[in-house]
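Asker: sequence first, then the predicted structure:
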Amino acid sequence: MWNSGALDLDTYLKKIGYEGERTPSPDTLRALHRGHVLGLRWSTIDAMLHHDVPLDLVSLQAKLVTGGRGGYCFEHVSLFAAVLEALGFEFFAVQGRVVMGSEKLLPTTHALLVVELDGRRWLCDVGFGASMLEPVELVPGAKGSEVEQDGWRYRLRERDDITPGAHGWELQQPAFGPETDRDGDGWTVRHNFTLTPQYPVDFRMSNHFVATSTHSPFSHRLYVQRVLPGTLHILDELTWTTTHPGGELPPLSRDLEPTEVPKVLAEIFEIEQSEEEAELLVARLAANAEASRANAEEASRANAEEASRAGA
């Protein structure tokens, strides 16, 4: 189903630094997941610049494995699914809603895999960007499972009505403010999902929306993430932020000029670009920044006029 016959498994495993057994087991799954998250790159560059994100395995390998470039969840999960299929794992795909503490009902635009091993189920989330480093077990019941992975904490819980009328699961992370702490226990929902199986054709439909729709932030916004055992780098348009697990160190943010971005992508995020693509990205970022400034000035004028009328 996931076209694993077209996969160059040896090249993929070398890329992520995996040299272990090629048989389905929890240890193999953990090592593959960690190797994929740390070894491959995540970005929205193709969606932002080209509105075209192929999911065929030849394109994915050329981009993520041998090309040194970044992709987002539908690309990473499609590739990882082919790897698991080639190694004989039993699994199915699902789609989730990325909410990050919001109570708003959002579309299913996040791809994940659920792996079944020895009567247990494991959530694999290799395509989030700030992904968990290893799979987390789906433990039935309200308590669920809570893990810490190199300082990064996650909680996976079963829950009724994750959306109206739908039973499912929530992946949670430490809350980043009281406004995101729904239950008052220090956790916020990263994304939720049901266990309805999804297939490559479903991924293609959702991927098209994410890459092309004006309602998708990825179609017009640069977003790049790189997670490491003790550090998370995020580039959101021209803002580069570095955070660490545990909250002991405050986030460090820096505003970049558009011309600085290709160097940061290469040196911090280890993402390769052609000279032509780098020039196109710089131009697009500069245009976005100018549009944002113009919108802010227009909003400021409108507010000033309204205040003047109110005081008249």
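Answerer: Arrived safely, thanks for sending. Numbering: from 1, shown residues only.
Asker: got the residue ranges for the helices in the stretch 1-150 of the chain?
Answerer: When secondary structure is read from DSSP state H, counting those that start in this stretch, the stretch 1-150 of the chain shows helices at 9-16, 26-39, 45-50, 57-60, 73-87.
Asker: can you tell me which of those is most buried?
Answerer: Per-stretch averages of neighbours, counted by mean count of other C-beta atoms under 10 Å, single out helix 73-87 among the helices of the stretch 1-150 of the chain, with a mean of 23. For the C-beta atoms, the positions are set from N, CA and C on the backbone; glycine is no exception.
Asker: just want the angle from that helix to helix 26-39.
Answerer: Here helix 73-87 runs at an angle of 150 degrees relative to helix 26-39 (axes from the mean of the first three to the mean of the last three C-alpha atoms, to 10 degrees).
Asker: beta partners of residue 235?
Answerer: Taking DSSP bridges, one finds residue 224, residue 240 as the beta-bridge partners of residue 235.
Asker: how many residues are close by residue 144?
Answerer: 19 (other C-beta atoms under 10 Å).
Asker: partners of residue 169 in the sheet?
Answerer: Counting by DSSP bridges, residue 169 forms beta bridges with residue 158, residue 193.
Asker: mind listing what it touches?
Answerer: Residues counted as contacts of residue 169 (C-beta atoms under 8 Å, 6 or more residues apart in numbering) are 123, 138, 144, 156, 157, 158, 159, 162, 192, 193, 194, 195.
Asker: again, but for residue 265
Answerer: Residue 265 is in contact with 43, 224, 235, 271, 273, counting by C-beta under 8 Å, 6+ apart.
Asker: that older thread, relative to residue 257, which of the contacts of residue 169 is nearest.
Answerer: For residue 257, the nearest member of the contacts of residue 169 is residue 192. The distance, counting by C-beta to C-beta, is 37.8 Å.
Asker: find the nearest non-adjacent residue to the closest one, please.
Answerer: Leaving out its chain neighbours, the residue that sits closest to residue 192 by C-beta to C-beta, 6 or more residues apart in numbering is residue 162, at 4.2 Å.
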